[in-house]
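In: A structural model of the following input is requested.
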Amino acid sequence: MQIDWAALGSVFGVSLVVTVALVALFTLGITGLSRRERAAAQGESAALAVTGAYVCFAACAAAVAYGISLIVA
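Out: Below is the predicted model of the structure:
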């Protein structure tokens, strides 16, 4: 049995980049929701922050669904 180290490294690199990107997206979503709470406490509107948070969460869900579809297929 021979291990293709280049392919293994490529898979590791891609998975690392995707993991960091998903964590960053989720963090942006949480930040948007916390800005909504801050704006509500001050009596302001934070519609753009909430919309951005929902977009980030939707992108995370889409990436996870795509990953699951790759595993199942």
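In: Provide a list of residues in contact with the most centrally placed residue in the chain.
Out: For the chain, the residue lying nearest the average C-alpha position, counting by Cα atoms, centre = their mean, turns out to be residue 22 (2.8 Å). The contact partners of residue 22, by Cβ atoms under 8 Å, 6 or more residues apart in numbering, come to 60, 63, 64. For every residue, glycine as well, the C-beta is placed using N, CA and C.
In: so how far is stretch 34-47 from its chain's centroid?
Out: 23 Å (Cα atoms, centre = their mean, to the nearest Å).
In: same question for stretch 53-70.
Out: Counting by Cα atoms, centre = their mean, stretch 53-70 is centred 7 Å from the centre of its parent chain.
In: after the host helix or strand of residue 12, which helix or strand is next?
Out: The secondary structure element spanning residue 12 is helix 5-42 (assigned by DSSP states H and E). Using DSSP H and E, the helix or strand that follows helix 5-42 towards the C-terminus is helix 47-72.
In: quick one: that following helix to helix 5-42, angle?
Out: Note on geometry: by axes from the mean of the first three to the mean of the last three Cα atoms, to 10 degrees, helix 47-72 and helix 5-42 are set 150 degrees apart in direction.
In: helices or strands up against helix 47-72?
Out: Here helix 47-72 is seen to pack against helix 5-42 when contacts are counted using 3 or more Cβ pairs under 8 Å, 6 or more residues apart in numbering; DSSP states H and E.
In: and stretch 14-29, what's buried?
Out: Of the residues in stretch 14-29, 25, 28, 29 count as buried by neighbour count, 16 or more other Cβ atoms under 10 Å.
In: re the thing from before, what pLDDT is listed against the residue nearest to the centre of the chain?
Out: According to the prediction, residue 22 has pLDDT 96.
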